[in-house]
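*Asks:* Turn this into a structure:
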Amino acid sequence: ATRDFLPTYLDHTAIVFKRPAARAWSPGDFSPVRARFANPADLVVCLAQAAGKMTALRLYDAARDALEEAARLDEKSPEVWSSYANFHMLRGEMKPALEHAERALSLDPEFLPALGTKAQILYATKQFDEAWELSKGIIERAPDDPNLLFYHARIAHEARAYTSEIKALEKLIALAEAANMTESGYRIYLAQAHAKIGEGEPALKQLNMALLDRELPDEQRKFAEEMAEEIERQAGLY
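*Replies:* This next block holds a predicted model:
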């Protein structure tokens, strides 16, 4: 909300933001990080993963430089081409994104980051059935990853695989509760999925539980209240 956090550190594992900060991180600050990797194979992974962080910060020139260097060091690394795919995807360049994801998978058909990126590309290009089939296999390999589960739920919704969406959202709610994190947003999505298959009572239950959350954002609260009213109206409850 304040927008005064600045990125102050970046490596292949994380980005650190600070408020207030004297200055923002710049690509030149990456030199000490890369200098720690004497082994070329390790440096390739470092460069590819750091490029993903740079892409997230929209430092596209720096990300491209890192990827080009990584590709020169090892053009047979699935990590490099998967990161290239992510780079293009986040820039909205879906054709080269898919080409690079396929190249990564040609080197390692089970490489999870490339599989995940390909699923996102298929989703973004409205190939929902194909995305769902791919996402099912990913979730089998990483059943407790919240990010993958939520993306799987979104894909399943668009593919009209509502039972699969419900299962993913129920798992997300359980994981959130175990971690003492809010699950109200997931409950609203879950209510929508139940409503799509005509299950009004479970949908209302999830909406009412979400509405008990005092920290539920106003926009989500209004949406949940309107959905509950519509379900009750269709069921003839008022």
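
*Asks:* contacts, neighbours, all on C-alpha from now
*Replies:* OK.

*Asks:* What are the boundaries of the helices in this protein?
*Replies:* 31-34, 40-56, 60-73, 78-90, 94-107, 112-124, 128-141, 146-158, 162-178, 184-196, 200-211, 218-234 (DSSP state H).

*Asks:* Can you tell me which residue is spatially central in the chain?
*Replies:* residue 147 (5.1 Å; CA atoms, centre = their mean).

*Asks:* Single out the most deeply packed of the helices of the chain.
*Replies:* For these, average neighbour numbers computed from mean count of other CA atoms under 10 Å are highest in helix 78-90, which has a mean of 26.

*Asks:* Could you give the separation of stretch 81-97 from the chain centroid?
*Replies:* 14 Å (CA atoms, centre = their mean, to the nearest Å).

*Asks:* Can you dump the C-alpha atoms of it in PDB for me?
*Replies:* Output in PDB follows, covering the C-alpha atoms of stretch 81-97 (Å, rounded to 0.1, in the frame of the first residue of the first chain):
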ATOM      1  CA  TRP A  81      15.700 -23.000 -21.000                       C
ATOM      2  CA  SER A  82      13.000 -23.200 -18.300                       C
ATOM      3  CA  SER A  83      14.100 -19.800 -17.000                       C
ATOM      4  CA  TYR A  84      14.100 -18.500 -20.600                       C
ATOM      5  CA  ALA A  85      10.500 -19.700 -20.900                       C
ATOM      6  CA  ASN A  86       9.500 -17.900 -17.800                       C
ATOM      7  CA  PHE A  87      11.300 -14.800 -19.000                       C
ATOM      8  CA  HIS A  88       9.200 -14.700 -22.200                       C
ATOM      9  CA  MET A  89       6.000 -15.700 -20.500                       C
ATOM     10  CA  LEU A  90       6.200 -12.800 -18.000                       C
ATOM     11  CA  ARG A  91       6.700 -10.500 -20.900                       C
ATOM     12  CA  GLY A  92       3.600 -11.800 -22.700                       C
ATOM     13  CA  GLU A  93       5.700 -13.500 -25.400                       C
ATOM     14  CA  MET A  94       3.900 -16.800 -25.400                       C
ATOM     15  CA  LYS A  95       5.300 -18.400 -28.600                       C
ATOM     16  CA  PRO A  96       9.000 -18.200 -27.600                       C
ATOM     17  CA  ALA A  97       7.900 -19.100 -24.100                       C
END
